[in-house]
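**Student:** sequence plus the predicted model coming up.
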Amino acid sequence: MDKYRVSLTPEERNELKLLVTAGKAAARKLTHARILLLADGEDCLDEEIVSALGTSRRTVERVRRRLVTEGLEAAIDHKPQPPRPDKIKIRGCLEQKLIELACADPPRGRCHWTLQLLADEMVVLGLVDTISVETVRQALKKMTFSPGSSRRGVFRRRLTRSSSGTWRT
């Protein structure tokens, strides 16, 4: 494996020193800046950087590579995880069925739908083989259903007593 050589310009080194001394940034960003400052030139080995900063060797290698290939900003900034559309289990038609089910009257003997009831009902209806309560929660969270909404949705408005003694809706 090739080792990427870090050679910072004086301006880049000053920028990183200011960032580290101010300490007003995300911990990951500060760690990456410290890695680059220590890796500048031929002075410090990766093992020394790892022991000095308490990070992994792979992180040091990754930061070095990103500096050389993509530049300083890419090396110190967090690279967000790519979206994972294959992980979304409830989409399109299935999502519509879940909403219809949640807006329908709850089962006999229940006041309202719970996430567990919705998940179980989707399995009983044969819409899915298995589904977790968390998946149902995330699908419903995407919607704009919330208590107090003027639209009829998953949560229905309840009568509450105000501090003045009158009932509000």
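**Tutor:** Received, thanks. This one's a predicted model, so the numbers in the text were calculated from it and none came from an experiment.

**Student:** where does residue 104 land on pLDDT?
**Tutor:** pLDDT, residue 104: 90.

**Student:** correction: the previous question concerned residue 7.
**Tutor:** Confidence score, pLDDT, at residue 7: 88.

**Student:** how about it, what does it touch?
**Tutor:** Contacts for residue 7 (Cβ atoms under 8 Å, 6 or more residues apart in numbering) come out as 40, 41. All C-beta spots, glycine's among them, are computed from the backbone N, C-alpha and C.

**Student:** ok, and the closest non-adjacent residue to residue 72?
**Tutor:** For residue 72, ignoring the flanking residues on the chain, the nearest one in space by Cβ to Cβ, 6 or more residues apart in numbering is residue 12 at 5.4 Å.

**Student:** all strands for this protein, in order.
**Tutor:** 160-161, 167-168 (DSSP state E).

**Student:** by mean pLDDT, show me the worst of these.
**Tutor:** Out of the strands of the chain, strand 167-168 stands lowest, with a mean of 58 (criterion: mean pLDDT).

**Student:** what's the pLDDT at the residue sitting nearest the centre point of the chain?
**Tutor:** Against the mean C-alpha coordinate of the chain, by Cα atoms, centre = their mean, the closest residue is residue 81 at 8.5 Å. pLDDT, residue 81: 80.

**Student:** what's the separation between it and residue 26?
**Tutor:** Going from residue 81 to residue 26 by Cβ to Cβ, to the nearest Å gives 15 Å.

**Student:** residue 68 too?
**Tutor:** Note on residue 68: its distance to residue 26, by Cβ to Cβ, is 22 Å.

**Student:** compare the two (neighbour count), which wins?
**Tutor:** Taking other Cβ atoms under 10 Å, residue 68 and residue 26 do not tie; residue 68 has more neighbours (15 against 11).
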